[in-house]
Each structure stands twice: as C-alpha cells, then as structure tokens.
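Asker: Coordinates for the following, if possible.
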Amino acid sequence: MNDSTYKQSFEKVRRLYQQPVLTASIEVILSVFAVAFMVAFAIKPTAVIVVGLQKKIVDQALVNQKLTTKITALSQAQKNLTDYADKIVFYSRAVPDNPDLEGVAQRIEIMAQENGIRLESLQFGAVPMLGDRVVLGLNNNSEKVIKSGEIYPITISFSITGKLENILMFIKSMERIDRIVIVREIYLQKQEVKDKTQGSVRASGKTEIFYKFGQSQK
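Answerer: Predicted coordinates:
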C-alpha cells in the first residue's frame with residue numbers, strides 16, 4: 001500500500017470518528033464500563049456496610065428492650081418495697097437469721113399446756129451452724145452444699161397425748177406462730193392404757209421451720 005492510499009484510509013477513519021453519532025456511542029460505552037466498575041468495587045462494599053449497620057440496629061433494639069424490661073422490673077420492685085416496707089419485719093420473724101431452737105421449744109411447751117395436752121417428746125433435726133455443708137445421711141459422701149443466705153428447713157418431731165379436739169387445736173396453734181411452720185406428718189393412735197382423761201389419744205408428727213443459713217455467722 002502506497003502513502004497516498006494509506007493517507008486516504010486514515011482520513012476516512014478520522015472523519016468517521018468525528019461524526020456526532022459515533023462520538024456519542026463511544027461516550028455511552030465508556031459510561032457503561034464506568035458504572036460496571038463502580039458496581040464491582042464500590043457498591044458491593046457499601047452493601048456489606050449497610051447489612052452490618054442493620055444488624056447493629058437490631059442488636060441495639062434488643063439491648064434497649066432488655067434494659068426497658070429491667071428498668072420496669074426495678075421500678076416494680078421499688079414500688080413493692082415501698083408498699084410492703086412495714087411488713088418486712090414479719091418476714092424477718094417468719095424466716096429469721098438464727099434457728100432459735102430454744103425459743104421454738106419453749107413455745108411448743110407453752111402451746112401444749114394451753115391446749116391441755118401432754119408433750120411426751122420433742123426432737124429437732126440436724127441444724128448446720130458453721131461451714132457450708134450438711135451431711136444428709138450416715139454416708140459422708142451424702143452431702144448438700146448450702147450457700148450463705150439460703151433458706152434451710154429444720155425438722156421437728158413430736159409426740160403428744162390428749163383429747164383429739166385438743167390435739168387439733170395444738171396443731172393449729174403451731175401453724176399460727178410468727179415462724180413459718182409446715183406440718184408434714186400427723187399420726188393418731190388410741191391409748192392402749194386407760195388414762196384419767198376419757199377419750200385420750202396419742203399423736204406423733206413432723207413439722208418444718210425455716211431460717212436463713214449463714215446469716216447469723218457474719
């Protein structure tokens with residue numbers, strides 16, 4: 001190809017690229033490539049950031065909900081404390097820091113006299129006074145760990161003799177003292193030996209009282 005032919009071809013191509021339609025088409029193609037580049041390297045990371053922000057917003061909403069619930073519970077507790085402040089002393093008496101077995105024994109003796117019955121025997125179960133373990137049986141491996149402040153039951157076994165109606169009044173009297181008392185067992189048996197009191201029966205039973213373990217040792 002000679003120089004004149006090459007110049008003519010180049011001049012045709014140059015004129016073709018100078019046409020407005022072809023120039024606009026090239027600009028559109030470049031714009032499309034630019035948009036594709038932005039989608040690949042800019043919009044995708046932005047989408048990841050948006051998803052992360054959405055998760056953070058959900059987590060924050062959950063935290064706010066839990067805080068609202070806790071604040072409501074604390075407000076209710078404060079209200080209850082205000083409403084029942086004068087009754088806290090009764091709870092302290094019902095579940096004291098000290099088992100006070102001597103005081104309980106004296107009360108039971110007095111109630112037996114007041115109800116006209118004879119108290120034949122009175123026994124208290126094991127009471128943990130020091131340490132943090134209670135042996136539940138003869139096997140040393142049978143232990144229960146008790147935390148300080150935990151409410152611990154004390155078993156009271158008793159045997160009484162008297163009229164049936166008096167025995168029932170005695171049991172009701174036990175349940176009305178300011179300590180929490182739960183009657184677990186009551187067994188009634190007729191007296192085999194004649195007593196001075198007609199209709200006398202023997203009763204044996206088990207009850208439980210409670211106290212807060214470890215509080216009195218602090």
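Asker: hmm, who's touching stretch 178-194?
Answerer: The contact list for stretch 178-194, computed with CB atoms under 8 Å, 6 or more residues apart in numbering, reads 90, 93-96, 104, 155, 161, 164, 167, 171, 174-175, 200-210. Bear in mind the C-beta positions are built from the backbone N, C-alpha and C, glycine included.
Asker: and residue 188, how many residues sit next to it?
Answerer: Each residue near residue 188 was counted by other CB atoms under 10 Å, and the total is 12.
Asker: Could you do residue 100 as well?
Answerer: Using other CB under 10 Å, residue 100 has 16 neighbouring residues.
Asker: which ones are touching it?
Answerer: When contacts are counted by CB under 8 Å, 6+ apart, residue 100 touches residue 211.
Asker: Next, find the distance separating it from residue 156.
Answerer: Residue 100 sits 12 Å away from residue 156, going by CB to CB, to the nearest Å.
Asker: Ramachandran angles for residue 126?
Answerer: phi -60, psi 140 (degrees, to the nearest 10).
Asker: For it, report the pLDDT, please.
Answerer: Residue 126 is assigned a pLDDT of 79 by the prediction.
Asker: Give me the neighbour count for residue 102.
Answerer: Count around residue 102 with other CB under 10 Å applied: 8.
Asker: Ok, residue 61 next?
Answerer: Residue 61 has 10 nearby residues by other CB under 10 Å.
Asker: how close does it sit to residue 118?
Answerer: Residue 61 is 70 Å from residue 118, by CB to CB.
Asker: you'd agree residue 178 is in a strand?
Answerer: No: Residue 178 is assigned coil when assessed by DSSP: H, G, I helix; E, B strand; the rest coil, not a strand.
Asker: phi, psi of it?
Answerer: Torsion angles, degrees, to the nearest 10, at residue 178: phi -80, psi -10.
Asker: Ok, the one 10 residues further on next?
Answerer: Comment: the main-chain dihedrals of residue 188 come out as phi -110, psi 140, following degrees, to the nearest 10.
Asker: Please name the bridge partners of it.
Answerer: residue 203 (DSSP bridges).
Asker: for residue 62, helix, strand, or coil?
Answerer: Assignment for residue 62 (three-state DSSP): helix.
Asker: neighbours around it, how many?
Answerer: 10.
Asker: likewise the one 4 residues further on?
Answerer: As a burial measure, residue 66 scores 10 neighbours (other CB under 10 Å).
Asker: How about the contacts made by it?
Answerer: Residue 66 makes contact with no residue under the criterion CB under 8 Å, 6+ apart.
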